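Colleague: Provided below for reference: sequence and predicted model.
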Amino acid sequence: MSSKFAKCASLTLAGFALCSMAGAQNVLFQDTFNSYTVDPLNPAPPTAIADGGKWSQVITGGSPGTPVSIVFDTDNAFGRGTGNQILKIENAVNFGLVADKLFSAQVITFSFDLIMDPVTDAQGHTQFINSNQLFAGNGDVANANRAHLVSPRINTPDQETGRFHGISASSDDYLTVGQLHRIDVVVNMSASEISYNGVTLASGGVDSWVDGNLIHAGDVFARQAPVPGDIQSLRMGSFSNNVFSGRFDGVTIFEGGSVLAPIPEPGTYAAIFGGVLLALVLIRRRFQK
């Protein structure tokens, strides 16, 4: 291998690695659900842990069966292997995971991967989830500090299309049942506007992204949380007495505003790697001439 080819190859691979790591952010809170012990025969909800970046409270809800559990991603739906663990919500009514005052920042990006599943037992309830609520002000998990951020709704009765709702009342068909989606919500509770990803977000504003697309821009932080103020608490869960089924992975709160590229589908990884190999072959042929 010539020194020039070796140099180009190393630069190509380095560039690929840098692209993969681009936009690294400071993690304030995270749960990838891989730290829990899983018994496939007896799935259980995530453990309530007051420290270590896990949940301070787990509400399993009033649904029959096991509505909230940590399971293996046996069909590799999230593209991280069949040994990857995920949070599974099944026909859950009024479940919730609460991270109470486990982080603090005025500008955050809340991200997670989501697959919405059809509800098989509606139990007489509407199929709806108010899956993300952040709490500013004094950080207490209370209405006065609350913002409803991401509220997917499964259209009834066909259950074929998901509808994404931001804080605003408008909605569009951005989510599809059974499809992997990346959700990012950027919240600015600082005294000044911020710029990120080529957009500007005013003080007290909220931007909602699905699969790298900005679908709700500059919504207002709900309720009465004062600006500026620290965002300190998170609640993921179903809204009131509605029912929801779905799978989550990579629940993360980053400091600052930045929306990374959406998670590739499992087959995309092979295509990316194949493209890198093709580039290396073409470089090699060029230097052999």
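Modeller: Received it, and whenever you're ready, just let me know what you need. Here the structure is a predicted model, which is why all the values come from computation and not from measurement.

Colleague: where do the helices sit along the stretch 151-289 of the chain?
Modeller: Per DSSP state H, counting those that start in this stretch, the stretch 151-289 of the chain carries helices over the ranges 266-288.

Colleague: where does the protein have low pLDDT?
Modeller: The chain contains residues with pLDDT under 70 at 1-24, 49-53, 126-132, 148, 150, 152-173, 221-224, 239, 261-289.

Colleague: what residue spans form the domains of the protein?
Modeller: 1-22+262-289, 27-259 (automatic domain parsing).

Colleague: number of nearby residues for residue 31?
Modeller: Residue 31 is flanked by 25 other residues according to other C-beta atoms under 10 Å. Just so you know, the C-beta spots here come from the backbone N, C-alpha and C atoms, and that holds for glycine as well.

Colleague: find the nearest non-adjacent residue to it, please.
Modeller: Spatially, and ignoring its direct neighbours in sequence, residue 31 is nearest to residue 251 (5.0 Å; C-beta to C-beta, 6 or more residues apart in numbering).

Colleague: please tell me how far the one you found sits from residue 30.
Modeller: Here residue 251 is placed at a distance of 7 Å from residue 30 (C-beta to C-beta, to the nearest Å).

Colleague: I'd guessed residue 46 sits against residue 36; true?
Modeller: Yes. Here residue 46 reaches residue 36: they are 5.9 Å apart, a contact under C-beta atoms under 8 Å.

Colleague: the more surrounded of these two?
Modeller: residue 46 (19 against 16).

Colleague: ok, back up a step: got any residues that touch both of residue 46 and residue 36?
Modeller: Residues touching both residue 46 and residue 36 (C-beta atoms under 8 Å, 6 or more residues apart in numbering): residue 70.

Colleague: more neighbours: residue 251 and residue 30, which one.
Modeller: When neighbours are counted by other C-beta under 10 Å, residue 251 and residue 30 differ, and residue 251 comes out ahead with 24 against 15.

Colleague: report the contact partners of the more buried one.
Modeller: Counting by C-beta under 8 Å, 6+ apart, residue 251 makes contact with 30, 31, 32, 33, 87, 111, 112, 236.

Colleague: keep only those of these that are in strands.
Modeller: 30, 31, 87, 111, 112, 236 (DSSP state E).

Colleague: what about the nearest residue to residue 33 once chain neighbours are set aside, how many neighbours?
Modeller: Leaving aside its sequence neighbours, residue 33 sits nearest to residue 85 (C-beta to C-beta, 6+ apart; 4.6 Å). For residue 85, the count of nearby residues is 19 (other C-beta under 10 Å).

Colleague: count of neighbours near residue 74?
Modeller: Neighbour tally, residue 74, other C-beta under 10 Å: 11.

Colleague: ditto for residue 199
Modeller: Other residues within reach of residue 199 by the criterion other C-beta under 10 Å amount to 15.

Colleague: any figure for the gap between it and residue 73?
Modeller: For residue 199, the distance to residue 73 - C-beta to C-beta - is 32 Å.

Colleague: residue 91 now?
Modeller: 19 Å.

Colleague: tell me the contacts of residue 205?
Modeller: 187, 188, 193, 218, 219, 220, 221.

Colleague: show me the strands in the stretch 151-289 of the chain, by range?
Modeller: 153-154, 161-165, 171-176, 180-188, 194-196, 199-201, 205-210, 213-220, 233-237, 243-255 (DSSP state E, counting those that start in this stretch).
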